[in-house]
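Sequence plus predicted model, see below.
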Amino acid sequence: VVHHRRVTPSDPASLETADTVALLDAGAGRRLDRFGDRVLDRPHPGALASPMDPDAWPAADLRFDRGPGWRGRLDPSEPWVVRLATLTVELRATESGGVGFFPEQLENAAWLDAQVRRRATRGAQPEVLNLFAHTGLLTLVAANAGAAVTHVDAARGAIAWARRNAELSGLAGRPVRWLADDALGFVRREARRAQRYDGILLDPPSYGHAGRRTWRLDTDVVELLDACAAIASPDAFVLLTGHTPEYDAERMASDVSAAFRVPRRALEVVALELVARSGARLGLGTAVRLGR
Ligand SMILES: C[S@@+](CC[C@H](N)C(=O)[O-])C[C@H]1O[C@@H](n2cnc3c(N)ncnc32)[C@H](O)[C@@H]1O
């Protein structure tokens, strides 16, 4: 069973507000997003239908196309800042067409906040491991809720960006270890050190590079989940997100169920979907959650 749920502006626990981050429309292989005071028009191969609000698209400040890159009326090399409730993040128009922020992760923010706070009220500070942590949105949510976070990403640039986001959010003084490392290699070493985590977050890409090591989702994810299970405390919460059709909800859920030895029914499987102001829908993958 896949629950279809979306983050709505009225969700009080959500970080999203209607004015800061919103999908405006999607279609013809593209998406139109508002991120703070910028509107961006980017390719999205999954947006198969026609745009539902063609009049919205001329509002784009920047447009990305493979080849020429970013073009438009604003300087694409200028970072800008977006406020999400108590958090502040810096966005940048990257060479690959990204912005350092995935709005579909907002769906997981309220859940993560609740998981951390539930443990924090029981006494000891929860230890959270964030793998493929990118620019750190989930690290900020966990730290803000009272966790000690180990933030792991292979790219030094992403680590620096995430640290800047922590500073902008007033969380620089929180207990966060910022590690430029390979996710699988790091987890194996933590197992040898008998380290334990109360919550593990994984947002693996299809492919990735960490030094000489290559990450391949299709061949490596089961091994990584097994390695994570070995460093999970007995009632650890787990969040696995996937963004490629090849690694579908059923496979993700059965991999988490097998690795953490929990029945399939203990897992919440959420379709990550953004619904545009225009009514257009974008499927952006799946979240599998083991909450406690
Ligand atoms: C956030 S994930 C990508 C998931 C994304 N939401 C998507 O749509 O595909 C990408 C991050 O994983 C990092 N990464 C790639 N390979 C890695 C590895 N072997 N170990 C740790 N981090 C890695 C990248 O540097 C990047 O910041």
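Structure's in. What do you need? Numbers count the residues shown, from 1 in each chain.

In a helix, Gly285, correct?
No - read with DSSP: H, G, I helix; E, B strand; the rest coil, Gly285 is strand and lies in no helix.

How many residues are close by it?
By other Cβ atoms under 10 Å, 22 other residues sit near Gly285. (Glycine included, C-beta is placed from N, CA and C.)

Identify the residue nearest it in space, chain neighbours excluded?
Closest residue to Gly285 apart from its sequence neighbours, by Cβ to Cβ, 6 or more residues apart in numbering: His243 at 3.8 Å.

Surely Tyr207 touches Thr214?
Yes - with contacts counted by Cβ atoms under 8 Å, Tyr207 reaches Thr214, the gap being 7.1 Å.

The ligand contacts on the stretch 151-292 of the chain?
The stretch 151-292 of the chain comes close to the ligand at residues 152-155, 158, 182-183, 203, 205, 208, 210, 215, 243, as judged by Cβ under 6 Å from any ligand atom.

Tell me where the protein is predicted with low confidence.
The model of the chain has pLDDT under 70 over residues 1-19.

As a check, name the ranges of all helices in it.
With helices called from DSSP state H, the chain shows them at 106-120, 137-144, 156-168, 183-192, 217-230, 249-260.

deepest of those, which one?
Comparing the helices of the chain by mean neighbour count (mean count of other Cβ atoms under 10 Å), helix 137-144 comes out on top with a mean of 27.

Output the contacting helices and strands for it.
If you count contacts as 3 or more Cβ pairs under 8 Å, 6 or more residues apart in numbering; DSSP states H and E, helix 137-144 packs onto strand 87-91, helix 106-120, strand 127-131, strand 148-153, helix 156-168, strand 197-202.

repeat that for 6 Å
Contacts defined by 3 or more Cβ pairs under 6 Å, 6 or more residues apart in numbering; DSSP states H and E place helix 137-144 against helix 106-120, strand 127-131, strand 148-153.
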